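Novice: Task: produce atomic coordinates for the following.
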Amino acid sequence: MGGLGDTCPPVALARTEIPYRSQYASPELAGEIAAGRVTLEQDPRWREAGARDRQEYVRWARCGCGMACLQMILEARGGPVPPLVELGRRAIAYGGYEARPPRGFGPLIYAGFVDFAAAEFGLAARVAAPLPLDELLRAVAADEVVLASVSAEIRAPAAEPARRGGHLVLVIDCSADARRLCFHDPAGDRSDNARAVWLDRDSFARFYAGRGIAVTLARA
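Specialist: Predicted structure coming up:
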C-alpha cells in the first residue's frame, strides 16, 4: 500500500506556515457545529471528506482529529493529501482505529498510527506516552511536531477543564524561552482558536494529558 514517502521528500517549512486542516468537511461551520445549531449530518460538504454516506462522514468527523493532523503533516511535506475519511479507513488496517467501535466511533490508537504513517507515507513517528510537557517542548523546538492529547475544552482556555485528553491537536512550535507553544486545533471553531494558536505553557498544561505521538518534520 501507499509508499508515498518514497516519491515525495519532505519540504522544510517555517512551523507557523504548516497548513491547517479541519476534521470537518465545512470548517466554516465549525462554530455552528460546536454550538449545536448545525449537526454533522447537515454538513453540506460531507462528500468532500471521502465518505460513502453521511453516517460514515459523521463517524470520522467526530473522531478524525488525528487524521486531520496527519493531513497537515502530509501537506507540509508537499505530497498528496488523501481525504480524511480515506485516511481513517486505511489506518484501520494497521490497527490505528477499531474497525467497529462500540459507540460507532473511537479514539486513535497510537501504535497503529505509527505503523500506518511509516508504511503508507514514510513518516518517522513514535509513540510518546508518557510525554511530559518539557519533553514535548524540546521535541517541537527540534525537528518534530506532536499530536498531543488534550481536552477539547482547550478552545476556551479560561475555563477549568472537566478532563484532560480525549482530543488531538498538532503542536508545531514553541517560543525561544519555552514559555509558550503553538498548535493547530482540527476542531477549532473560530479563527483565534484553530490555526497557529499560541498558548502559555501553564494554560496548556491544564488541558494536556501528558501523552501523544511525535512525528519528524524538518524545520526550515
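
Novice: all contacts plus neighbour counts: C-alpha atoms, from now on.
Specialist: Will do.

Novice: confidence score at the residue lying farthest from the centre of the chain?
Specialist: What lies farthest from the middle of the chain is Asp177; by CA atoms, centre = their mean that is 24.8 Å. At Asp177, the pLDDT value in this model is 97.

Novice: and what of Asp6?
Specialist: 39.

Novice: What ranges does the chain have for its strands?
Specialist: Per DSSP state E, the chain carries strands over the ranges 125-128, 144-150, 167-174, 180-184, 197-200, 208-216.

Novice: rewinding a little: for Gly104, see how far away the residue farthest from the centre of the chain is.
Specialist: Distance, Asp177 to Gly104, using CA to CA, to the nearest Å: 43 Å.

Novice: For the residue nearest the centre of the chain, which non-adjacent residue is spatially closest?
Specialist: By CA atoms, centre = their mean, the mean C-alpha position of the chain lies nearest to Cys69, the distance being 2.8 Å. In space, and not counting its chain neighbours, Cys69 is closest to Leu170: 5.8 Å by CA to CA, 6 or more residues apart in numbering.

Novice: And the helices in this structure?
Specialist: 30-35, 54-63, 65-77, 84-92, 110-121, 133-141, 201-207 (DSSP state H).

Novice: Show me the shaky parts of this structure.
Specialist: Applying pLDDT under 70 to the chain flags the ranges 1-13.

Novice: and with 50 instead?
Specialist: Across the chain, the ranges flagged by pLDDT under 50 are 1-11.

Novice: Lovely, talk soon.
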